[in-house]
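Q: Below is the structure, and that's it, no one-letter string:
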């Protein structure tokens, strides 16, 4: 891994503050830097005021992201419900064509992942997210008029492209508004809507299955869910703030305090200038490639379960409508695992986020082995094992929180987000092809693909934890050799250029990589990894 020469550190030292107000420093730094340098002195805030501010941020930001993420997963299961409502028969789809329809959605996602992340940097995040969610709902509705495999495949590719900005936008928004310690719980909250989406999708599927209209039931599935997504996209476009810097629902003091809270993150808020040097640094950074592989290994199981889950349950002997309802406990278990994971992580001693992620892969492994080995006659046992496979979502939430807290520099964050979701796309593309129609309803190859993917994911998490800890020790030793205390972060004006100067995690020697929750030293107000 390329490292910065220690002799270069002084060039960005907080002690060199004489040109902080120079226009070039402000214009090329984070958007928050201009607000901080132009705002004058900020009266200190009492803890109760900060708590009220965080609560206000939660009530404004999290509902938009959570409902959107629920639709995000409901959308993923529309094809699965359409399958049990007769789309395969009506469009004369073969088993292989159905697998392709599950995967082509992610081809659109894959091709558009990097361009949409770069556009996220250029345009207001809230507006760009809202427009894309509206388009994704619109193209989902159009899938109801598809007459054959080709038409449906094209529409699913376009839908995938429209959805490609969603996860990266959620992660950018979370890192804009919350401290690194707050991020895992907030990511967990909006990701918990994944499970709510599974449960709500089951209820919607059951209700749609009761409709006796002029159209086939699978067409109502696309029309109703697509219309709801499009409506939510309009609301996000109008009401979701783009950034703490220009949020109209916050007073000037609240905006300043929101940004001041993020100083210790050392990751900035937002920068609208695309920086080729940060693109190159991201592509040469080993962490970025590990995150890509984690996205891949963590989503091969998701690609299969989200598209074949209803068929697996139906194979236990349930009717079509009962099958839709049996997804509700799966969604509830998924949500419960995510909530438990983020709250356990917040209360454990430092240096445990990676270990917690590994722990929550264990129920998924147990469920996969149960599905592989339990006899077909043990339907209750196999159903419980199927539900256990939902725990992988909790592990992936923690991986996302590790990413948001360990990458600095806005362009680098955008590229890294794109890379992990390239892995997510590849995993979701590959996942359905392990579920062979001739192996229904046990889908032996598909179940074993989950087992292998989980073991690979565990190995990658261990590597990430070990190397991040080593790199932190190396940086602390470097600072001590230069006369520093190894971990100190000042609070003077010059630190605005460091904390909000759009420096990357490699450029900013104050930065420490985290595989755990933060530990704060009340004595001297520094951030420490250990």
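A: The structure has been received and is ready for your questions. Note that this is a predicted model, so its numbers are computed, not measured.
Q: doesn't residue 218 make contact with residue 87?
A: Yes: Residue 87 is in contact with residue 218 according to Cβ atoms under 8 Å; the separation is 4.2 Å. All C-beta spots, glycine's among them, are computed from the backbone N, C-alpha and C.
Q: where exactly do the helices run in the stretch 101-250 of the chain?
A: 125-142, 149-163, 166-177, 183-209, 217-239 (DSSP state H, counting those that start in this stretch).
Q: Nearest to residue 93, out of these?
A: Between residue 93 and the helices of the stretch 101-250 of the chain, the shortest separation by Cβ to Cβ is 5.9 Å, and it involves helix 149-163.
Q: Now do that closest one against helix 217-239, angle only.
A: For helix 149-163 against helix 217-239, the angle by axes from the mean of the first three to the mean of the last three Cα atoms, to 10 degrees is 20 degrees.
Q: Could you check how sure the model is about helix 149-163, as an average pLDDT?
A: When pLDDT is averaged over helix 149-163, the result is 93.
Q: Just want the most central residue of this structure.
A: residue 167 (4.6 Å; Cα atoms, centre = their mean).
Q: Not counting its neighbours along the chain, what's nearest it?
A: Excluding the flanking residues, the one nearest residue 167 by Cβ to Cβ, 6 or more residues apart in numbering is residue 421, at 5.6 Å.
Q: which ones are touching that neighbour?
A: Contacts of residue 421 were listed using Cβ atoms under 8 Å, 6 or more residues apart in numbering, and they are 109, 113, 164, 167-168, 295.
Q: Any regions of this structure where pLDDT drops low?
A: Applying pLDDT under 70 to the chain picks out residues 1-42, 264-272, 350-351, 479, 482-502, 504-505, 507-530.
Q: Pick the one among the contacts of residue 421 closest to residue 475.
A: When the contacts of residue 421 are ranked by distance to residue 475 (Cβ to Cβ), residue 295 comes first, at 26.3 Å.
Q: can I assume that closest one sits in a helix?
A: Yes: counting by DSSP: H, G, I helix; E, B strand; the rest coil, residue 295 is located in a helix.
Q: Quick check, it in contact with residue 423.
A: Yes: using Cβ under 8 Å, residue 295 is in contact with residue 423, at 2.7 Å.
Q: What are the buried residues along stretch 93-104?
A: Buried residues in stretch 93-104, counting neighbours by 16 or more other Cβ atoms under 10 Å, are found at 93, 97-104.
Q: actually stretch 206-218, sorry about that
A: 206, 208-209, 216-218.
Q: Could you provide those in CSV, with additional columns for distance to residue 46?
A: Converted to CSV, these look like this (distance: Cβ to Cβ, whole Å):
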residue, distance to residue 46
206, 50
208, 51
209, 54
216, 60
217, 57
218, 56
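Q: doesn't residue 98 make contact with residue 88?
A: Yes: at 6.0 Å, residue 88 counts as touching residue 98 under the criterion of Cβ under 8 Å.
Q: quick one: residue 380 from residue 326, how far?
A: Separation of residue 380 from residue 326 (Cβ to Cβ, to the nearest Å): 12 Å.
Q: now swap in residue 68 and tell me
A: Look at residue 68 and residue 326: by Cβ to Cβ, they are 26 Å apart.
Q: Of the two, give the one with the bigger neighbour count.
A: residue 68 (24 against 19; other Cβ atoms under 10 Å).
Q: residue boundaries of the helices in the stretch 351-500 of the chain?
A: Under the criterion DSSP H, counting those that start in this stretch, helices of the stretch 351-500 of the chain are mapped to 353-359, 362-373, 379-388, 392-406, 410-430, 444-481, 494-499.
Q: Show me how far the second one is from its chain's centre.
A: In terms of Cα atoms, centre = their mean, to the nearest Å, the centre of helix 362-373 is set 25 Å apart from its chain centre.
Q: With the first one instead?
A: For helix 353-359, the gap between its own C-alpha mean and the chain's C-alpha mean amounts to 17 Å (Cα atoms, centre = their mean).
Q: Which strands or helices does that helix pack on?
A: Contact partners of helix 353-359 among helices and strands, from 3 or more Cβ pairs under 8 Å, 6 or more residues apart in numbering; DSSP states H and E: helix 327-347, helix 392-406, helix 444-481.
Q: Would you tell me which one of the ones you listed is buried the most?
A: Mean neighbour count, computed with mean count of other Cβ atoms under 10 Å, is highest for helix 392-406 among those, reaching a mean of 26.
Q: just checking, what packs against that one?
A: Packed against helix 392-406 by the contact rule (3+ Cβ pairs under 8 Å, 6+ apart) you find helix 166-177, helix 183-209, helix 286-314, helix 327-347, helix 353-359, helix 410-430, helix 444-481.
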